[in-house]
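> Dropping the sequence and predicted coords here.
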There are 4 protein chains.
Amino acid sequence: MRNTCILPDFLEEISEEINTEIENLGPCRIENPLRLPEVCFITDDMRVSLRVSEGSLREAFKKEGRIPSAELAGPRPYIYFDPAKTRAAIVTCGGLCPGINDVIRSIVLTLYHSYGVRHIYGIKYGLQGFIPSYGHDVVELTPEVVAQIHELGGTFLGTSRGHQPIDQIVDALERMNVNILFMIGGDGTFRAATKIKEEIAHRGLKIAVVGIPKTIDNDIWLVSRTFGFVTAVEEACKAIRCAHTEAIGAPNGIGLVKVMGRYSGFIAAAATLATKEVNFCLIPEEDFDLEGPGGLLAALERRLAERKHAVIVVAEGAGQKYVQGEKPEYDASGNLKLGDIGIFLRDRIKEYFSQKGIEVYVRYIDPSYIIRSVPAVVDDRIYCGFLGQYAVHAAMAGKTGLMISYLNHHYVHIPLSEAVKKRKQVNVHSRFWLSVLESTGQRRLKNEA
Amino acid sequence: MRNTCILPDFLEEISEEINTEIENLGPCRIENPLRLPEVCFITDDMRVSLRVSEGSLREAFKKEGRIPSAELAGPRPYIYFDPAKTRAAIVTCGGLCPGINDVIRSIVLTLYHSYGVRHIYGIKYGLQGFIPSYGHDVVELTPEVVAQIHELGGTFLGTSRGHQPIDQIVDALERMNVNILFMIGGDGTFRAATKIKEEIAHRGLKIAVVGIPKTIDNDIWLVSRTFGFVTAVEEACKAIRCAHTEAIGAPNGIGLVKVMGRYSGFIAAAATLATKEVNFCLIPEEDFDLEGPGGLLAALERRLAERKHAVIVVAEGAGQKYVQGEKPEYDASGNLKLGDIGIFLRDRIKEYFSQKGIEVYVRYIDPSYIIRSVPAVVDDRIYCGFLGQYAVHAAMAGKTGLMISYLNHHYVHIPLSEAVKKRKQVNVHSRFWLSVLESTGQRRLKNEA
Amino acid sequence: MRNTCILPDFLEEISEEINTEIENLGPCRIENPLRLPEVCFITDDMRVSLRVSEGSLREAFKKEGRIPSAELAGPRPYIYFDPAKTRAAIVTCGGLCPGINDVIRSIVLTLYHSYGVRHIYGIKYGLQGFIPSYGHDVVELTPEVVAQIHELGGTFLGTSRGHQPIDQIVDALERMNVNILFMIGGDGTFRAATKIKEEIAHRGLKIAVVGIPKTIDNDIWLVSRTFGFVTAVEEACKAIRCAHTEAIGAPNGIGLVKVMGRYSGFIAAAATLATKEVNFCLIPEEDFDLEGPGGLLAALERRLAERKHAVIVVAEGAGQKYVQGEKPEYDASGNLKLGDIGIFLRDRIKEYFSQKGIEVYVRYIDPSYIIRSVPAVVDDRIYCGFLGQYAVHAAMAGKTGLMISYLNHHYVHIPLSEAVKKRKQVNVHSRFWLSVLESTGQRRLKNEA
Amino acid sequence: MRNTCILPDFLEEISEEINTEIENLGPCRIENPLRLPEVCFITDDMRVSLRVSEGSLREAFKKEGRIPSAELAGPRPYIYFDPAKTRAAIVTCGGLCPGINDVIRSIVLTLYHSYGVRHIYGIKYGLQGFIPSYGHDVVELTPEVVAQIHELGGTFLGTSRGHQPIDQIVDALERMNVNILFMIGGDGTFRAATKIKEEIAHRGLKIAVVGIPKTIDNDIWLVSRTFGFVTAVEEACKAIRCAHTEAIGAPNGIGLVKVMGRYSGFIAAAATLATKEVNFCLIPEEDFDLEGPGGLLAALERRLAERKHAVIVVAEGAGQKYVQGEKPEYDASGNLKLGDIGIFLRDRIKEYFSQKGIEVYVRYIDPSYIIRSVPAVVDDRIYCGFLGQYAVHAAMAGKTGLMISYLNHHYVHIPLSEAVKKRKQVNVHSRFWLSVLESTGQRRLKNEA
């Protein structure tokens, strides 16, 4: 059943076995202060299947007697930390994403109102905030302080890129007597989180490290959809509509839009499906030729001859073979510096048609940071609210080294070590991608071998 | 695992056995014209589990050797209808909902471009459009005609409420030589669809009837989330933000918002979770007292004393015991005419505080049709696109008497007869509803027995 | 030239002579601390013509040797108050309006950064905030406190309706050593402001009272357009678009929208011009009949017969003759309590067509507070920024008993005593209103005498 | 009074004498079919003063016995063209601008419904549409065709850049028997319009040429504000808010936004006033140094040291001295090809701080075509509606060689020959620009001579 369309949650059927045992700091002996009916508490043996294909489930049961599954998230009947003495810290790392403030707010409100935790620290500017030499202050977080932050985009705490020394981070946690560290970030952050967790264990400390997956590209493995993604697609669609308006507004008008997506083209693909105005959707997962009869330029020329206008959406990570220099460069976080495929395509398309003597109007739009800096849409807001709540429930129960994920309509715990093993990408053989191709009408943009 | 939060897809774990055998008009012998890799076609034995709890799956396999599941939707390798000779009709029934035009457009584009069907009729004003005495024209639907309709809210075809004679509807289908009827509507429509399907069978005709579930209230059984719902919540949240602004803008300000939700309070509940500004959320599924120490008015008075403002969201179907007359009245479609709980609450709250000599500012907002008449947000647009595609795939394969549903991240076929058996409602014992209560801080609004 | 269209600034040509002498608390002897080129300061002899018709100007010069004009607003070369010792207070009165927070923020930033004033008090909940018995706190206003308030609708300070004892208000000003009082409000507020100014003079105090005109209805005399009005029309248009979508979505669909406008129909009229979808626009300034061959109902019936749908926009103050009881009632501020013309029309229209046996679908939308509680659009934001700045310039120069107005593209000073003499209304003989009638195609809805 | 702030209508006080005599094709002998009260018709002797300063008016009357004024627009009692026989054409030239479709729609509806003209042609793709060799079709325009076009951005008719032979254009008008040509465009278009008018006169034809001023930059002389400008600023502000969010989200975050504005910085300036978050606003009208103690880079460094973040808005035409090559290049319409000041600043800022060893996060946003391709906001919609109406009134009265302008709250006729004499620019000595500087806190970015 691997070809099924699985939008708006793009996760492929998970075929390998996953170790989803979650680490605990110790036994939970404190009664959960949440005033809930008993039946509402979750126990660790409640698990969610990672598959839903009847055939695949049947086979797994037959063969192994069990199915790949993940621990269900939610409030435990007993907790590990004593709320009155608990100190929590929140840090946001990496690039912006719509909804970060909603997650911060949800963590603070749940800690404060549901559990009665009174010491919550906001770490400024990502991991830098732990390092004394940067001199960033710590922010005391209360319900009053976070009351309105969800109305604004970005992160109220600030963020930064780049590695910081793990021991200094744990030093800071010790100095501040922090018991729980919430890390909102992507795979780089989760790698750091894993090392922090190990250093904590090495020092014999009792500090829970809980991750909330954040990536504008929706490319974290074992998360069906990351928060902010729907908002980003909403914004990307606005830019595409403008590109379409420009394209039909001129003879041989070509609207070209670059959107985020370093390794995974989910934003480009979803925006293509949503607008239905895109004629070529280029993503990192699918190689394409530019020149030759099977390439993009010839296809574009045919499209213009037929319809007099065209819209192209390109993910920033697509076609890197055309724009990477000899030596790849990396940024502070160790991410490859991408070449600018948008500018490259704009110029090459102009040149191509100019050489052919065909007058075209190329309108290039790069919404860039706009799609990640806006406040979250309602769907993401609700999602962020739950992510924050479940992160608190996990942390108070002394669970560590995990992230909160959303899979098969349930919130679950996934070990950070599993989450960073792979990157989630568009399966170019799935119904989802085939629907994109159906929508654009584009063929495979490759010359015959 | 029934207490798990299952937002944004609200379906409860399905516990009973479901007959999901889908009827076929006959064997499929025509090769599917879609140029897809073989592996992309779906066969009828591919099924999706309706449960994802590991324990419940294990038990089902143990006890019965099988699990509740539904037929996977998608293009079949062979189809029943010859595209060149196929005539399809689309009808939209009941109230408006964001995304109807997206569904219509998707059906037309898939029929036309993917299958090559050239005769597609739009039936005007719902079931009235079949009845000659109304004199409504039929609209010829082509890609050009539907090119821009998704930019606008509402339904391009018009709709109406009320029953129409089944035999006259089938007469019309016969007269027009229609082979496929797409019905976009809710449970009332699906009841009519079932009768139409039976009359078709009775007459020995070969007409497929395929439903696309539409309800602004998100209350159709066996559909995790109906299209347009996210858009409706987005709009409802705007009204609630205004109510909150009004409430904090005056001493003892009370913002009262009525939202749609006749029997199911999903819009009220989701909007409460999204805005985090609501102090009382009243839905049809949970009875509440107005008077007495445990009732709403006393709770509201306490809230004002503490915080000087309050926001109340009430679903239109909540508290009907206060506003129903002696004899219930019904509209043309047989729906109960609800009493106006919004106006009632507004007036009773004013009166209550006036009698107590407490000056309050009550600001009542009823966004009413605004939340269902706007164009769809991007998430709903993508969803509608898929619903239309899958409806066409099912119909071309000669399947009938079914609706397209979205369950556990997959599109599936559900017999209409199953879909109308129940209404989906908020489970007031679920994590979802408990999260709403946590967000509002409201207690059970009932006096002790 | 009185028939000229004067949108988006609706002021009629001012024909009578206006006394626009502005009162001063005393001579200005302190050099203005603004670091501006000399040429940028404004002197009191700079005046703006209130007329722009060449003929009317010529005549005025000929007859009287001068023209009706107003004192130009702006920074004076010398100021009255010593910034280091100045204490200013801001109060917001009456109903909400988009942009109030922008005005507050602009006043605070200009006082603080341009003039160096360090003591700025925010009075809570309107005039109540002056009265000790209410127990409302005063808010210390600084650039930090107001940094983000413009992102939210409403008033950060809160507001209230109703009269308060003038002497207690001035007592409070004395107790707080306030030198400048900024009053953001409408004609009721300006009447109170005038009395406060008189009491101040009576006590021999040196306190400047400066008004910033605020009314969602755009009905303040001698102001071409009030802030927030454009935002309100933008929101009203959204409701009308939904009503139109509903109307065309059903056979004989009637979309009915009630918008704000107690005595002046500017919102209804402007929204009609903007959407171009309205067929009947009813405003307080033009009487209409409901029954009879010339009345609304007959006209509506004709419209439905021709086009099968209709959209009606009604200002809340229109047709009051149908909904006023025997004895008019008044609210705390002395405003007439209006009858609900929207509900009345909805019910009467349903009844009319029901009696005629014509099936119609009436969709009634009352956006009510939504149109006044949203954050301001950009145009209003810029406007609010200037109003705040000019109010500060006037106050620092010791001017009192005036409001800041915008006339003929210039900001001017208008004595409060002039502003409250009349109410601005739609001139039903102007090109503006004729354009509305042209847009709707409606005739005069009156039966022949 | 030249320092007065004159926002949102930016026109400087007109000091020179202007010839505003409007050409007529001949005497008007046909009664105007508009059913208006007599008093609503406008006669040619009604004129609007171009000044409003009392002093300047007084002086003009004294010295010359008259004041600079313009002919009032509006329906004339008698018209030149017989509606039954009139053929009108509409062409849209140059870049896109929000509201073009609103103007087209208004022209068509007014011609059709108010005057009864039945032959209205839409010329495709700007002036190209007149030239047979391009092979573009002509579109028949009716109320049905234009019913929904205002819901979409761009131009329904398409546009193009570049000159076309005047004689071939007039040939086309002759072939089509066109009597009225409406040209929606900027100064380039108006230069072509003037030549077309002359060629028409030379051939002894009776064809009226009426211009509607369109420029996203708001830079047309003698128009206080061009349509679409408010919408463009609204969109620009969204990008600036995102830049601000990015800037405060990182240590030493720098948000850099490039907006449209080739020669006139109105968008940059107005967006700066509206958002209040901008620290440096760079426009073509004011030269700035980059290097040196008085330059931008040093000022930026000081700002970061103080506040840790900064937002820069740069109009595309600013700082061209840094990015122009040796030989200026021109596009098809003869416009100078601008160097990319945005990319240049981004790179130079990065380099500067890198050399200084200061870590900064530069976020560059270029919303480019987004701000001109969106549908118009309500304020622009109303404005466009009036522009279309007044253009039709002028044309039907046989007036030619003019544009419709909005000055001092009135719609007036301005000869095209006057409109192209100058370009409207930001007066850097005006209160308007000083307010921008006050808002940013920026000083003059120049090193001492």
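That came through, no problem. Numbers count the residues shown, from 1 in each chain, chains lettered A, B, ... in the order given.
> can you tell me which residues contact A:Phe156?
A:Ile100, A:Asn101, A:Ile104, A:Gly122, A:Val146, A:Ile149 (CB atoms under 8 Å, 6 or more residues apart in numbering or on different chains). For glycine as for every other residue, the C-beta is placed from the backbone atoms N, C-alpha and C.
> quick one: secondary structure of it?
Put simply, A:Phe156 is coil when judged by DSSP: H, G, I helix; E, B strand; the rest coil.
> and the one residue in the stretch 51-200 of chain A that gets nearest to chain C, backbone torsions?
Residue nearest to chain C within the stretch 51-200 of chain A: A:Glu151 (5.8 Å; CB to the nearest CB). When read as degrees, to the nearest 10, the backbone of A:Glu151 gives phi -70, psi -20.
> ok, now which ones touch it?
By CB under 8 Å, 6+ apart, the contact list for A:Glu151 reads A:Pro375, C:Glu151, C:Leu152.
> can those residues go into CSV with extra columns for pLDDT and distance to D:Ile220?
Shown next, in CSV, are the contacts of A:Glu151 (pLDDT from 0 to 100; distance: CB to CB, whole Å):
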residue, pLDDT, distance to D:Ile220
A:Pro375, 96, 36
C:Glu151, 90, 33
C:Leu152, 91, 36
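> what does chain A put close to chain D?
Residues of chain A found near chain D (CB under 8 Å from any CB of the partner chain) are A:96, A:125, A:128, A:134, A:136, A:152-155, A:158-160, A:238-239, A:241-243, A:245-246, A:248-251, A:361, A:363-370, A:373-374.
> For A:Phe432, the count of nearby residues, please.
By other CB atoms under 10 Å in any protein chain shown, the residues close to A:Phe432 number 23.
> ranges for the helices of the stretch 1-150 of chain A?
Under the criterion DSSP state H, counting those that start in this stretch, the stretch 1-150 of chain A contains helices at A:54-64, A:100-109, A:143-146.
> Show me the contact partners of the shortest one.
When contacts are defined by CB under 8 Å, 6+ apart, helix A:143-146 is touched by residues A:Asn101, A:Ile104, A:Arg105, A:Val108, A:Leu109, A:Tyr112, A:His113, A:Val139, A:Phe156.
> May I ask which of the residues you listed has the most neighbours?
Among the contacts of helix A:143-146, A:Ile104 has the most neighbours (other CB under 10 Å), with 28 neighbours.
> Touching, that residue and A:Ile90? I think so.
Yes. Between A:Ile104 and A:Ile90 there is a contact at 5.8 Å, judged by CB atoms under 8 Å.
> Now for those two: what residues contact both?
Shared contacts of A:Ile104 and A:Ile90 (CB under 8 Å, 6+ apart): A:Gly122, A:Leu141, A:Leu157, A:Ile184.
> give me every residue that touches the residue lying closest to the first one once chain neighbours are set aside.
Yep, that's A:Gly122 we're talking about. Nearest residue to A:Gly122, sequence neighbours excluded (CB to CB, 6 or more residues apart in numbering or on different chains): A:Val139, at 3.7 Å. Taking CB under 8 Å, 6+ apart as the criterion, A:Val139 is in contact with A:Tyr121, A:Gly122, A:Lys124, A:Val145, A:Leu157.
> Now the first one. Nearest residue, chain neighbours left out?
Counting by CB to CB, 6+ apart, A:Ala89 is the residue found nearest to A:Tyr121 once chain neighbours are left out, at 4.5 Å.
> Dump the contacts of A:Glu151 into JSON lines; add distance to A:Ala60 as well.
Output for the contacts of A:Glu151, formatted as JSON lines (distance: CB to CB, whole Å):
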{"residue": "A:Pro375", "distance to A:Ala60": "42"}
{"residue": "C:Glu151", "distance to A:Ala60": "51"}
{"residue": "C:Leu152", "distance to A:Ala60": "52"}
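> Out of those, which is nearest to B:Leu273?
Of all these, A:Pro375 has the smallest distance to B:Leu273: 16.1 Å, by CB to CB.
> Neighbours of the closest one, how many?
Residues near A:Pro375, counting by other CB under 10 Å, number 20.
> thought it was touching A:Leu96?
No. Between A:Pro375 and A:Leu96 there is no contact under CB under 8 Å: 11.3 Å.
> Pull up the overlap in contacts between the two.
With contacts defined as CB under 8 Å, 6+ apart, the residues shared by A:Pro375 and A:Leu96 are A:Gly153.
> which of the contacts of A:Val139 has the weakest pLDDT?
On pLDDT alone, A:Val145 ranks lowest of these, at 94.
> any idea how far A:Pro77 lies from A:Ala305?
Using CB to CB, to the nearest Å, A:Pro77 is found at 69 Å from A:Ala305.
> more crowded one of these two?
Per other CB under 10 Å, whichever of A:Pro77 and A:Ala305 has more neighbours is A:Pro77, with 15 against 10.
> coming back round to it: any chance of the contacts of A:Phe156 in JSON lines, plus distance to D:Ile312?
What follows is the contacts of A:Phe156, written out as JSON lines (distance: CB to CB, whole Å):
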{"residue": "A:Ile100", "distance to D:Ile312": "24"}
{"residue": "A:Asn101", "distance to D:Ile312": "24"}
{"residue": "A:Ile104", "distance to D:Ile312": "28"}
{"residue": "A:Gly122", "distance to D:Ile312": "28"}
{"residue": "A:Val146", "distance to D:Ile312": "30"}
{"residue": "A:Ile149", "distance to D:Ile312": "25"}
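> Which of these sits closest to chain D?
Ranked by distance to chain D (CB to the nearest CB), the contacts of A:Phe156 are led by A:Ile100 at 8.8 Å.
> In space, what's closest to that closest one - neighbours in sequence excluded?
Spatially, and ignoring its direct neighbours in sequence, A:Ile100 is nearest to A:Thr155 (4.3 Å; CB to CB, 6+ apart).
> what's A:Ile220 in contact with, if anything?
Listed by CB under 8 Å, 6+ apart, the contact set of A:Ile220 reads A:Gly186, A:Asp187, A:Pro213, A:Thr226, A:Ala419, A:Arg423, A:Lys424.
> so how many other residues sit close to the fourth one?
Other residues near A:Thr226 come to 27 when the count uses other CB under 10 Å.
> Pull the helix or strand where A:Ala395 lies out as PDB, backbone CA atoms only.
Assigned by DSSP states H and E, A:Ala395 falls within helix A:378-396. Output in PDB follows, covering the C-alpha atoms of helix A:378-396 (Å, rounded to 0.1, in the frame of the first residue of the first chain):
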ATOM      1  CA  VAL A 378      -5.500  28.200  13.300                       C
ATOM      2  CA  ASP A 379      -4.800  24.600  12.400                       C
ATOM      3  CA  ASP A 380      -1.100  25.000  13.400                       C
ATOM      4  CA  ARG A 381      -2.100  26.800  16.500                       C
ATOM      5  CA  ILE A 382      -4.200  23.900  17.800                       C
ATOM      6  CA  TYR A 383      -1.400  21.600  16.900                       C
ATOM      7  CA  CYS A 384       1.200  23.700  18.700                       C
ATOM      8  CA  GLY A 385      -1.000  23.800  21.700                       C
ATOM      9  CA  PHE A 386      -1.100  20.000  21.900                       C
ATOM     10  CA  LEU A 387       2.600  19.600  21.300                       C
ATOM     11  CA  GLY A 388       3.400  21.900  24.200                       C
ATOM     12  CA  GLN A 389       0.900  20.000  26.500                       C
ATOM     13  CA  TYR A 390       2.200  16.600  25.600                       C
ATOM     14  CA  ALA A 391       5.800  17.700  26.000                       C
ATOM     15  CA  VAL A 392       5.100  18.800  29.500                       C
ATOM     16  CA  HIS A 393       3.300  15.600  30.400                       C
ATOM     17  CA  ALA A 394       6.300  13.500  29.200                       C
ATOM     18  CA  ALA A 395       8.800  15.700  31.000                       C
ATOM     19  CA  MET A 396       6.900  15.700  34.300                       C
END
